[in-house]
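**Student:** A predicted structure for the sequence below; I have some questions about it.
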Amino acid sequence: MPVYQFKGKRYGNNLPVAGEKFAQSKQSLAALLRNEQIMPISIKEKGKELSLPKFRSKVKDKELAVFTKQFSVMIDAGLPLVQCLDIIATQQENRTFQNVLFQVRNDVEGGSTLADAMRRHPKVFDNLFTNMIAAGEAGGILDTILQRLTIFVEKMIRLKRSLRSASIYPCIILLVAIGVVTVILLKVIPVFATLFEGLGADLPLPTMIVIHLSNFLGRFFVFFAVAAILAVVGLRYYYKTEAGRFTIDKLLLALPVFGMVLKKIAIARFSRTLSTLLISGIPILEGIEITARTAGNKIIELALLRTRRTVEEGKTIVEPLRQSSLFPPMVVQMVGVGEQTGELDQMLSKVADYYDEEADAAIANFITFLEPMLIVFLGIVVGGIVVSMYLPLFSMIARLSRPGG
């Protein structure tokens, strides 16, 4: 029987407890510790599991999706809420998420509702998640809500993956191009410059430009590197401000091809979020506000907040969406039909499905269009540098090949 090392806290006084025990498995030891009024925090087999340092630990969307699916299955099977949280937390590998789930479990066991317990951890459970949980608890349909949340989180993961695939590829190509050109200018061009100086060759204009550019970059390379790092850091801090988010998001949406991809992803996200909230019984005003706060784009967020104010005044949702010019006519028309027929949630779900496919197609077209453009750009830049370095050699060879040269 293996020996397990454990750490935990005693119920009631939260005093830390640590030790070693024989057990058949981690699960059986966790159950034994709970019977002894000890809340397990970590359990590992002695001599076989190494505790590697974690410099940064956060809860990923995929981990949240797996938690929601497991939670849904357990609730549907009739297991008590506290027991579900206890089992999932014990088996959780992410230490941060494990601690959060144990805290949620303790709060629920102390009399708090599940939604209120989750609201104490906004970095893990956002407003959308906790509001849907609250609706499920109030309506006695927590298992159904968790199933909808599982589908929603998985769809959001798919959208984020699509967005990453649209942005990572060109960024990688651009970084490779910058790296290659920098290495050529710093390491290769000085060798040619020394060679030409020793031969006393007459340098054509393109060659002189490249050599001067190489000398300039070599002299100020540290300055450029520091400036680039500061620019990236400054841009990240600027984006955290309201004005920064508004300006950058507006510029991104205005980009020729990439902006259209972002807009389709934003419409799919808006439709999916609001549809899921309305189906779960969240009032439309609250649903629009939650959707705005989780839109992921400041321009979309402001448009939805204006829509909320209009709806609050007793008007329809269609007119402010049309006036924003962010939503295509098809989306506005389907929302209008949904309002008139009382099936706004179903219409939004259909819009979300349609724009999921549209976003995938737009991303595929964007990458197909961008790939040859980047390759051509890289070829022109590198090829231009190489040709400019060989021009003096061609001139010298032609001069030497002449009679009497």
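**Tutor:** Yes, it's here.
**Student:** make it CA atoms for all contacts and neighbour counts henceforth
**Tutor:** Noted.
**Student:** shaky segments in the chain?
**Tutor:** 1, 11-14, 27, 47-57, 166, 201, 399-405 (pLDDT under 70).
**Student:** and the longest helix for it?
**Tutor:** helix 344-401 (DSSP state H).
**Student:** give the other helices and strands that that helix contacts.
**Tutor:** helix 142-183, helix 189-199, helix 205-219, helix 258-279, helix 329-341 (3 or more CA pairs under 8 Å, 6 or more residues apart in numbering; DSSP states H and E).
**Student:** next, count neighbours for residue 190.
**Tutor:** Neighbourhood size, residue 190 [other CA atoms under 10 Å]: 16.
**Student:** can you check the one 4 residues further on too?
**Tutor:** The local packing of residue 194 (other CA under 10 Å) involves 11 other residues.
**Student:** about what we covered before: so which of the helices and strands packed on helix 344-401 is the most packed in?
**Tutor:** Highest mean neighbour count of the helices and strands packed on helix 344-401: helix 258-279, a mean of 23 (counted as mean count of other CA atoms under 10 Å).
**Student:** the nearest residue to residue 69 once chain neighbours are set aside: what's it in contact with?
**Tutor:** Take residue 69 and drop its neighbours on the chain: the residue closest to it by CA to CA, 6 or more residues apart in numbering is residue 150, 5.6 Å away. Contacts for residue 150 were tallied using CA atoms under 8 Å, 6 or more residues apart in numbering; they are 65-66, 68-69.
**Student:** 6 Å instead?
**Tutor:** 65, 68-69 (CA atoms under 6 Å, 6 or more residues apart in numbering).
**Student:** which one of these is nearest to residue 192?
**Tutor:** The closest of those to residue 192 turns out to be residue 65 (CA to CA; 56.8 Å).
**Student:** show me the contacts for the closest one.
**Tutor:** Residue 65 touches 150, 153, counting by CA under 6 Å, 6+ apart.
**Student:** pretty sure it belongs to a helix, no?
**Tutor:** Yes: counting by DSSP: H, G, I helix; E, B strand; the rest coil, residue 65 is located in a helix.
**Student:** now do the end-to-end distance for stretch 72-87.
**Tutor:** 13 Å (CA to CA, to the nearest Å).
**Student:** could you measure the residue nearest the centre of the chain against residue 282, distance?
**Tutor:** Here the mean C-alpha position of the chain is nearest to the C-alpha of residue 160 (CA atoms, centre = their mean), at a distance of 5.6 Å. Per CA to CA, residue 160 is found 24 Å from residue 282.
**Student:** break this protein into its domains for me.
**Tutor:** Residue ranges for the domains of the chain, per automatic domain parsing: 3-45, 61-153, 258-362.
**Student:** between those domains, which one is nearest to residue 168?
**Tutor:** Here domain 258-362 is closest among the domains of the chain (CA to CA), at 12.2 Å.
**Student:** quick check: the nearest residue to residue 346 once chain neighbours are set aside vs residue 196, distance?
**Tutor:** Distance criterion CA to CA, 6+ apart; nearest residue to residue 346, sequence neighbours excluded, is residue 275 at 6.9 Å. For residue 275, the distance to residue 196 (CA to CA) stands at 69 Å.
**Student:** again with residue 312
**Tutor:** Where residue 196 is concerned, residue 312 sits at a distance of 76 Å (CA to CA).
**Student:** can you count the residues close to residue 88?
**Tutor:** Neighbour count of residue 88, defined by other CA under 10 Å: 18.
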